[in-house]
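Trainee: Let me see the structure of the following:
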Amino acid sequence: MKFNKPKFWDKTSFISLFLLPLSVFTLIFNYIKSLIITEYSYKIPIICVGNIYVGGTGKTPLSIYIYNLLKSKKFKPAIVKKYYPSHIDEINFTKNKVKHFFSDKKRSLSILKAEEKNNNVIIMDDGLQDVSIKKDLSILCFNSSDLIGNGFLLPAGPLRDRLKKINNYQIVVINGKKNIAFEKKLKSLSNKIKIFNSKYEIKKIGNFKSKKILAFAGIGSPQNFFDLLKDYKLNIKEKISFPDHYNYTKDEIRNLMSKAKEKNLKLITTEKDYFRIKQLGLKKIEYISVDLKIIKYKEFEKEVLKNI
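Mentor: Now for the predicted structure:
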């Protein structure tokens with residue numbers, strides 16, 4: 001699925017106000033779903049890492065972070081992700097990072113497979129709006145550059161659900177720059193919520209430090225990737241954005257390679273994009289590998305462990 005975030009999602013505009021009546025259907029759909037779908041409890045704890053903002057909030061890196069945290073505490077965790085053909089990049093990315101990973105068209109089937117393999121904690125990558133699964137811990141992710149956009153529900157805005165539903169969650173993780181005003185807003189809606197900040201750190205930067213760079217990305221928020229490169233003082237001469245989960249063709253990648261060569265630039269992309277491009281048989285593309293860091297990681301660890 002090729003998805004470009006509409007610009008009117010960023011702030012209130014004529015288009016978003018025009019579409020606002022349609023957002024009532026999202027509200028009604030969510031309500032009906034909560035009434036007719038039965039919630040099912042599983043034998044092992046379920047941690048859900050999700051969002052209400054569509055795309056680009058850092059769910060997958062945080063899921064992997066929690067997986068490694070639990071593994072270090074002698075748990076046998078597994079990551080579960082609903083299978084979408086258009087999300088094969090995230091699936092391959094996660095498979096490359098963790099040993100226990102399950103993906104099926106139904107999350108419930110993946111959870112049962114994990115139970116059969118004697119995994120004792122499930123980390124669901126996405127699925128906060130899946131009311132069929134009882135969660136022991138729900139973690140809501142935000143990206144500091146987008147937060148809630150114009151604050152409207154789909155299709156007038158980028159939200160899958162109302163911000164007021166924050167009472168259903170235990171932890172919020174905001175990736176990027178600290179936003180005190182937004183954190184106060186969250187606290188005003190739920191005084192029990194625990195808020196943490198996170199950031200990405202580039203693993204190896206030596207190969208790129210002295211180079212002039214052409215950077216491209218087809219992820220939820222390409223600008224976040226470009227901003228990260230800028231934070232590390234990399235010399236970005238050109239940047240190109242593609243839709244989220246973009247299915248590159250060989251010709252498109254070859255054109256990017258030719259463009260970089262003509263301008264004497266080093267071509268780099270994200271690790272997720274690399275796993276999509278790798279399937280084309282083009283392995284000469286270099287990518288930036290990052291680690292997720294939780295600022296108050298000890299407190300975060302404590303909150304996760306006490307809920308499972």
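Trainee: which non-adjacent residue is nearest K233?
Mentor: Excluding the flanking residues, the one nearest K233 by Cβ to Cβ, 6 or more residues apart in numbering is K209, at 7.9 Å. For the C-beta atoms, the positions are set from N, CA and C on the backbone; glycine is no exception.
Trainee: For the one you found, give its distance to L234.
Mentor: 7 Å (Cβ to Cβ, to the nearest Å).
Trainee: Please apply the same query to F225.
Mentor: Distance from F225 to L234, by Cβ to Cβ: 11 Å.
Trainee: wait, what's in contact with K293?
Mentor: Shown in contact with K293 (Cβ atoms under 8 Å, 6 or more residues apart in numbering): 198-201.
Trainee: K113 touches S103, doesn't it?
Mentor: No: K113 is beyond contact range of S103, at 9.6 Å (criterion: Cβ atoms under 8 Å).
Trainee: between these two, who's got more neighbours?
Mentor: S103 (21 against 16; other Cβ atoms under 10 Å).
Trainee: show me what contacts P158?
Mentor: 5, 9, 53-55, 146, 148-150, 152.
Trainee: again, only using 7 Å
Mentor: 5, 9, 53-54, 149 (Cβ atoms under 7 Å, 6 or more residues apart in numbering).
Trainee: who has more neighbours, F225 and L234?
Mentor: Legend: neighbour count by other Cβ under 10 Å for F225 and L234, higher for F225 (26 against 21).
Trainee: Show me what the residue lying closest to the more buried one once chain neighbours are set aside bridges to in the sheet.
Mentor: Closest residue to F225 apart from its sequence neighbours, by Cβ to Cβ, 6+ apart: A217 at 4.6 Å. Counting by DSSP bridges, A217 forms beta bridges with S241.
Trainee: From what I see, A217 and T270 are in contact.
Mentor: Yes: using Cβ atoms under 7 Å, A217 makes contact with T270 at a distance of 5.0 Å.
Trainee: residues shared between the contacts of those two?
Mentor: What both A217 and T270 touch, as defined by Cβ under 7 Å, 6+ apart, is the set F225.
Trainee: So which elements touch the strand or helix carrying K298?
Mentor: Under the criterion of DSSP states H and E, K298 resides in helix 297-306. For helix 297-306, the packing partners by 3 or more Cβ pairs under 7 Å, 6 or more residues apart in numbering; DSSP states H and E come out as helix 59-72.
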